[in-house]
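>>> quick one, what's the 3D model for this:
(chains A and B)
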Amino acid sequence: MDLLEYQGKQLFAKHGITVPSGEVADTVEEAVAAAERIGYPCAIKAQVQIGGRGKAGGIKIAENVEEARAHADAILGMDIVGPHGEGPFRVDQVWVERGSDIAEEYYLSVILDRGEKKLLAMVSAKGGMDIEAVAAEDPDALVKRHIDPTREFDREAARAIVADAGLAADAVDAAAEVLTKLVEVAEQEDATLIEVNPLIVTADRRVVALDSKVTIDNNSLFRHEELAEIAADVDDPQEAMAKEKGLTYVKLDGNVGILANGAGLCMSTLDVVAQAGGAPANFLDAGGGSKAEAIVDALEVITSDEKVTAILFNIFGGITRCDEIAKGIVTASQQIGLKVPLVVRLDGTNSEEGLKILAEAQLENLHQETTMLDAARRVVELAGAPA
Amino acid sequence: MSIIVGEHTKLAVSGLTGREGSFHGLRNKAYGTDVVAGVTPGKGGQDVEGIPVFDTIREAVEEAGANTSMIFVPARFAAAAINEAIESGVETVIAITEGIPVLDMLKTYWKAKEAGVRLIGPNCPGVLSPGKANVGIIPAQFFEPGPIGVVSKSGTLTYQIGNELKQAGTGNSSIVGIGGDPIVGSDFIDILKLYEEDPETELIVMVGEIGGDAEERAAEFIAEHISKPVVAYIAGFTAPPGKQMGHAGAIISGSSGTAQAKKEALEAKGVRVGESPTETARIAVETLRSL
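Sure thing, here's the model as predicted:
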């Protein structure tokens, strides 16, 4: 789960990292009121889970109340596309923050390096800009150091990394302190990515985190009550519905609804549908051991997306029993009806019983295929071109 | 021969008294696996259909001779159970549990390394050596004994490929599900090494998916150290960037970790990559027959 900038900053503040004071606002009026309380200049910052907000026009400085109103009005409701084409992300909230007098801009991050199985600290004196470009053009300007997992990460270790990055001498101690706290955030809050770009030194030589990008490990939410509440707040109606029913659903742009059991098989099914010329509408992993009831729920979630013109169920039963899946399909068609064609491929545990149940039910709009590839071709043909 | 589990395996199941643990533990036993103990704190002295239950894994090692531990403990207690197994004296720990916090696994990974214990998983289907032993949740009916070693990040995708191999009249030395989490005890490279040394394995099928760089690292390793043919499959070509698709490991960041990048890295080192599970099985059978 990615946190919004202000949520990340609240987490930083909790661990003693200095951040500018500010307020979150959902409306132009709230933003203006916040700006009036905070004073000028202040920054109005779009709160979306993507980088490149500044370039997209999502961050503006207001010198007075008129500008605060104009900027909040422009930013709230705008769509921001990420630097790698992600999104668009609609801006529903802005963060209004006291303006900072910036003398230096640095880059600081702690991420989980899954290849090395260690936390990786990265520090650069060239902050405030696109760090991927810095890493590509001037790799020496980005100091990367793995953190020894068998030892405690202390101030001395942090200082060695920060000093190598060539930060201003009078900022090294404070920046090292921030780095030890970022590692503390990783370990205590289960953050797998923490990025501060920029970490600034103000004109009066204070070290302040001016931005935050934090990713929290979803598996850890059982031990972080406040973060779990943030995670529960999902925007997309289908994704919210799936979450409520305990299904893993990711919405995509196409018109072919997809259900498979197991994340790997489900991803593979999306690929095979795309190879057959189709456009998947979603990823839905029914998980191992799915029961009939879960299938009803899943079909309900898939069909609530109006773009869907045909559906593919690709099941290879391991722990999942195909007769259970078949019962679910029959129940679902009775409860919610099959308004669009459903192509079913059942193989594996109890597939013969499953196929028999489907044949006896004689459902309208149901098509059976025996292989994954034939099923993909069939569903693409039935779905037609996306609207 | 086979790898990791086989006739030598003496299995202790942590969580044997739970619903999932007893279902799969007893299935493993019915397959022929030597299940010597269950482990549940506070339930020592009981038994599950004749399998003695101990309070700790160490007791299962000392009193029942267990050399392999399978973890079926709920996520929030699983890392502690794995740590206990690492210290108990078993050679191998196979963790089936899904949803373990990744920073817990980071510590556990290094603990296993230091102790010299082989850790498979977590969030994996386990290891099956057809005809010999099954430790985990892999449905054994889709796999026959044979010369193909399989190593995979995904469960159901592996069953799909295994079934196609069986229908083509061949089978497997072992099937190892390494799991799709960001940090797993054994990576592709660890398992490729074992297959290279296993006289029964003539060809290796490797099933990867988006996220991380384990496939890219494996490609380098194959070029340098693996003499047996390797056929690969990668899932996730149509996964959009930045979206998480079920497995915690299947996250794309930037351009690295994409299915396309993995396919290219493998092909650059001479590994054939199938377009679909079906094609992958077909290439494997073809390659095997040409040996």
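>>> how many neighbours does the residue nearest to residue B:115 when sequence neighbours are not counted have?
By the measure of C-beta to C-beta, 6 or more residues apart in numbering or on different chains, the closest residue to residue B:115 outside its immediate chain neighbours is residue B:86, 5.1 Å from it. Backbone N, C-alpha and C define where each C-beta goes, glycine included. Applying other C-beta atoms under 10 Å in any protein chain shown, we find 22 residues neighbouring residue B:86.
>>> following the chain onward from the helix or strand hosting residue B:86, which element is next?
Residue B:86 belongs to helix B:75-88 when elements are defined using DSSP states H and E. Along the chain past helix B:75-88, the next helix or strand (assigned with DSSP H and E) turns out to be strand B:92-95.
>>> show me what that following strand is packed against.
Judged by 3 or more C-beta pairs under 8 Å, 6 or more residues apart in numbering or on different chains; DSSP states H and E, the packing partners of strand B:92-95 are strand B:68-71, helix B:75-88, strand B:118-120.
>>> and those, which is most packed in?
Among the helices and strands packed on strand B:92-95, the stretch with the highest mean neighbour count (mean count of other C-beta atoms under 10 Å in any protein chain shown) is strand B:68-71, at a mean of 30.
>>> in the stretch 51-200 of chain B, what residue is nearest chain A?
Proximity to chain A, evaluated over the stretch 51-200 of chain B using C-beta to the nearest C-beta, is greatest for residue B:154 at 2.3 Å.
>>> in a helix, that residue, correct?
No: read with DSSP: H, G, I helix; E, B strand; the rest coil, residue B:154 is coil and lies in no helix.
>>> hmm, residue A:266 and it touching each other?
No: using C-beta atoms under 8 Å, residue B:154 is not in contact with residue A:266; the gap is 9.4 Å.
>>> ok, which stretches of the stretch 101-250 of chain B are helices?
B:102-115, B:156-167, B:188-197, B:214-225 (DSSP state H, counting those that start in this stretch).
>>> return the backbone torsion pair for the residue of the stretch 51-200 of chain B closest to chain A.
Dihedral angles of residue B:154 (phi, psi; degrees, to the nearest 10) stand at phi -120, psi 150.
>>> in contact with it, which residues?
Contacts were defined as C-beta atoms under 8 Å, 6 or more residues apart in numbering or on different chains; by that measure residue B:154 touches A:262-265, B:177, B:180, B:207, B:209, B:235, B:247.
>>> residue A:347 versus the nearest residue to it once chain neighbours are set aside, what's the distance?
On the basis of C-beta to C-beta, 6+ apart, the spatially nearest residue to residue B:154 that is not a chain neighbour turns out to be residue A:264, at 2.3 Å. For residue A:264, the distance to residue A:347 under the criterion C-beta to C-beta, to the nearest Å works out to 15 Å.
>>> who has more neighbours out of these two?
Comparing residue A:264 with residue A:347 by other C-beta under 10 Å, the one with more neighbours is residue A:264, at 31 against 21.
>>> ok, that one to residue B:157 distance?
Taking C-beta to C-beta as the criterion, residue A:264 is separated from residue B:157 by 4 Å.
>>> the residue of chain A found nearest chain B: which element?
Shortest chain A-to-chain B distance, computed as C-beta to the nearest C-beta: residue-wise this is residue A:264, at 2.3 Å. Residue A:264 is located in helix A:263-275, with elements delineated by DSSP H and E.
>>> mean confidence score for that helix?
The pLDDT scores in helix A:263-275 average 94.
>>> what does stretch A:217-230 give?
Model confidence over stretch A:217-230, given as mean pLDDT, is 92.
>>> quick one: residues in contact with that stretch.
Under the criterion C-beta under 8 Å, 6+ apart, external residues in contact with stretch A:217-230 comprise A:1, A:3, A:7, A:189-192, A:216, A:231, B:75-76, B:99-103, B:244, B:248.
>>> now with 7 Å, please.
When contacts are defined by C-beta atoms under 7 Å, 6 or more residues apart in numbering or on different chains, stretch A:217-230 is touched by residues A:1, A:3, A:7, A:189-190, A:192, A:216, A:231, B:75-76, B:99-103, B:248.
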